[in-house]
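Novice: Structure of the sequence below:
(one chain, ligands or ions: 2)
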Amino acid sequence: MIQHCPTPTELDDLELLLSGAYAPLTRFNEPGSAVTLDLPDGALEAELVDPEGLPLARVSADGSLEPLTHAQYGPFRRLHLTPAQTREQHAGATFVPVADALTESEIAEVRGLGRVVLVALMGTGTPALSPVALLRATLAAADLLDDARVVAVPLPSHGDADVDHKLGAQVVATYAGPDLVHALSDTGLVTGAGAPSSTSGGAGAPSSTSGGAGAPSATSEVYPAAIAEIVAEDRPEPEQQGLVLFFTGLSGSGKSTLARALMDLLLEQGGRSVTSLDGDVVRRHLSAGLTFSKTDRETNIRRIGWVAAEIARHGGVAVCSPIAPFAETREQVRQMVEDAGGAFFLVHVATPLEECERRDRKGLYAKARAGEIPEFTGISSPYEEPDDPAVRVDTTGRTIEDALDDVLVALDQARFLHLPRHG
Ligand SMILES: Nc1ncnc2c1ncn2[C@@H]1O[C@H](COP(=O)(O)OS(=O)(=O)O)[C@@H](OP(=O)(O)O)[C@H]1O
Ligand SMILES: Nc1ncnc2c1ncn2[C@@H]1O[C@H](COP(=O)(O)OP(=O)(O)O)[C@@H](O)[C@H]1O
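Specialist: Numbering: from 1, shown residues only. Ligands and ions are numbered 1, 2, ... in the order given. Presented below is the predicted three-dimensional model:
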């Protein structure tokens, strides 16, 4: 049986299936269900492992699960109670689903409910805050209440608001059992004895707080100071956000030259940690031994993406300049970076092939034309032009400063970096 590490969303779903939170659903891939699992290479069964390789469960061909070990990864693991554990410890409380940081007025509203359990719906891909920030904000809210406990429920987003809403209502009802559910909503109170229908105001995503972090909706007030700090840290202004500047283009188009000039400006200005991931340099170190086959190029770009995403996660700036000829791989990098909380800024150095070949700085085009280098980008291997770059720069007949200026203007407009421009 193969071992397989599911995606973050699938891992969240696995935890909820195993804990009984999705009851009556207990398996993946039920017809019509959003709770799905993809196994690689057409495999029907697998041992599912966490990102560090710990076996969590076996999944059979019909999607049913046999638990092996409890998940142990991630911060605040102690708050991940099953519905049964929650019932045992907190029966009789009022259950309040929380999908965003609570505002002053929401905390006041909850204060009137007596003993409460704040059910933090903090799975992968939920829109308001990162999972860990949502938990920190909910714990901070609990500190401001007289008798509140926090339970973490990793309900992930399935990419469809209605589906997520229904699943959320069902999960919260399961945690509440016969107790009251209080949904925070624009209309105020929606209470009932554990009946999912009575929670329709917001189990999945309480509508009164759906305006996003840092932007409480019209009906709400402000965040208490401790919560505001958590929200601000989780959603930095563009100027402070981790940033991946990704130059893509043909060999000789000017990627390294522009990337280096931009790095110099950043270093001269100071204030940010800057890392270069140049195509040639990466291939001598991180990707030593890889060829220029499609598969190896994709591996190379995913490695760059992984490192760049880690840099962005810690608030740094990564400047990448590989050819990265395939649109799908570039998209994967974007996803990795955004999942890490960073911004992805794609620069297409769109110098045409004729000009790159005319420059032929390294003599590679001549060799490729002579058939001495197989699979050469633009000659015998494809380059898929991006249709969605943040900026497109053709360097033909322009000075480096002039071409770089286009990038600086775009970065300035996007509010990511404000660097001094030439002239
Ligand atoms: N077959 C083939 N095709 C393209 N490029 C080749 C090839 N063989 C060697 N080189 C040299 O390798 C540099 C490109 O490496 P990258 O890692 O950026 O390529 S890729 O993103 O994995 O496609 C590229 O460097 P740049 O000129 O800086 O782009 C070339 O110098
Ligand atoms: N406006 C320009 N911007 C960038 N490079 C330019 C420009 N005009 C001419 N060049 C030259 O084109 C070549 C680009 O090479 P390089 O930056 O190594 O490209 P790549 O990294 O895309 O392979 C360099 O010799 C550079 O001096």
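
Novice: which outside residues touch stretch 292-310?
Specialist: The contact list for stretch 292-310, computed with C-beta atoms under 8 Å, 6 or more residues apart in numbering, reads 244, 246, 277, 282-283, 286-287, 290, 318, 320, 322-326, 329-330, 332-333, 336-337, 339-340, 342, 374-377, 381. Glycine gets a C-beta too; all of them are placed from N, C-alpha and C.

Novice: Can you point out the buried residues in it?
Specialist: Along stretch 292-310, the positions that meet the burial threshold by neighbour count (16 or more other C-beta atoms under 10 Å) are 292, 297-298, 300-301, 303-310.

Novice: What is the end-to-end distance of stretch 229-243?
Specialist: Taking C-alpha to C-alpha, to the nearest Å, the first and last residues of stretch 229-243 lie 21 Å apart.

Novice: Rounded mean pLDDT for that stretch, please.
Specialist: Per-residue pLDDT over stretch 229-243 has a mean of 93.

Novice: Repeat that for stretch 312-331.
Specialist: The predicted model assigns stretch 312-331 a mean pLDDT of 97.

Novice: Can you get me the centre-to-centre distance for it and its chain?
Specialist: Between the mean C-alpha point of stretch 312-331 and the mean C-alpha point of its chain there is a distance of 15 Å (C-alpha atoms, centre = their mean, to the nearest Å).

Novice: Need the contact partners of the helix or strand harbouring residue 66.
Specialist: Using DSSP states H and E, residue 66 sits within strand 65-67. Outside strand 65-67, the residues within contact range by C-beta under 8 Å, 6+ apart are 14, 17, 18, 26, 27, 28, 56, 57, 58, 59, 60.

Novice: Is there a quick PyMOL command that grabs whichever of those are buried?
Specialist: In PyMOL, this line selects whichever of the contacts of strand 65-67 come out buried by 16+ other C-beta under 10 Å:
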select buried, resi 14+17+18+27+28+56+57+59
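
Novice: Filter the contacts of strand 65-67 down to just the ones in helices.
Specialist: Among those, the members found in helices (DSSP state H) are 14, 17, 18.

Novice: ok, which residues in the stretch 251-400 of the chain are in contact with ligand 2?
Specialist: Taking C-beta under 6 Å from any ligand atom as the measure of proximity, the stretch 251-400 of the chain contacts ligand 2 at 251-258, 321, 359, 361, 395, 398-400.

Novice: right, and the helix or strand after the lowest-mean-pLDDT helix or strand in the chain?
Specialist: Ranked by mean pLDDT, DSSP states H and E, the helix or strand of the chain with the weakest confidence is strand 191-193, at a mean of 40. Towards the C-terminus, the helix or strand next in line after strand 191-193, according to DSSP H and E, is helix 225-234.

Novice: and that following helix, what does it pack onto?
Specialist: If you count contacts as 3 or more C-beta pairs under 8 Å, 6 or more residues apart in numbering; DSSP states H and E, helix 225-234 packs onto helix 131-143.

Novice: quick revisit: what I need now is the contacts of strand 65-67 written out in TSV, including pLDDT and distance to residue 407 for each item.
Specialist: As requested, those are arranged in TSV below (pLDDT from 0 to 100; distance: C-beta to C-beta, whole Å):
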residue	pLDDT	distance to residue 407
14	98	43
17	98	47
18	97	48
26	96	52
27	97	50
28	97	45
56	97	45
57	97	47
58	98	50
59	97	47
60	95	52
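
Novice: Tell me which two of the buried residues of stretch 292-310 sit farthest apart.
Specialist: Of all pairs drawn from the buried residues of stretch 292-310, the widest gap by C-beta to C-beta lies between 292 and 310 and measures 25.3 Å.

Novice: For the most centrally placed residue in the chain, give its distance to residue 133.
Specialist: Taking C-alpha atoms, centre = their mean as the criterion, residue 339 is the residue nearest the geometric centre of the chain, at 1.7 Å. For residue 339, the distance to residue 133 equals 14 Å [C-beta to C-beta, to the nearest Å].

Novice: ok, now residue 15?
Specialist: From residue 15 over to residue 133 (counting by C-beta to C-beta), the distance is 19 Å.

Novice: quick one: which of those two has more around it?
Specialist: Neighbours per residue, other C-beta atoms under 10 Å: of residue 15 and residue 133, the larger number sits with residue 15, 23 against 20.

Novice: From ligand 2, how far out is that one?
Specialist: If you measure residue 15 against ligand 2 using C-beta to the nearest ligand atom, to the nearest Å, the figure is 44 Å.

Novice: Tell me which residue lies farthest from the centre of this protein.
Specialist: In terms of distance from the mean C-alpha position of the chain, residue 370 ranks first, at 44.5 Å (C-alpha atoms, centre = their mean).

Novice: For it, give me the pLDDT.
Specialist: pLDDT, residue 370: 97.

Novice: gap between stretch 156-168 and the chain center?
Specialist: On C-alpha atoms, centre = their mean, the centre of stretch 156-168 falls 17 Å from the chain's centre.

Novice: quick one: average pLDDT of it?
Specialist: The average pLDDT within stretch 156-168 is 93.

Novice: can I have that stretch written out in PDB, keeping just the CAs?
Specialist: As requested, C-alpha coordinates have been extracted for stretch 156-168 and formatted as PDB (Å, rounded to 0.1, in the frame of the first residue of the first chain):
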ATOM      1  CA  PRO A 156     -11.200  24.000   5.700                       C
ATOM      2  CA  SER A 157     -12.600  26.000   2.800                       C
ATOM      3  CA  HIS A 158     -13.900  23.800  -0.100                       C
ATOM      4  CA  GLY A 159     -14.000  26.700  -2.500                       C
ATOM      5  CA  ASP A 160     -17.700  27.100  -2.400                       C
ATOM      6  CA  ALA A 161     -19.300  29.500   0.100                       C
ATOM      7  CA  ASP A 162     -22.600  27.600   0.200                       C
ATOM      8  CA  VAL A 163     -21.000  24.300   0.800                       C
ATOM      9  CA  ASP A 164     -18.700  25.700   3.500                       C
ATOM     10  CA  HIS A 165     -21.600  27.400   5.200                       C
ATOM     11  CA  LYS A 166     -23.700  24.200   5.300                       C
ATOM     12  CA  LEU A 167     -20.800  22.100   6.500                       C
ATOM     13  CA  GLY A 168     -20.000  24.700   9.100                       C
END
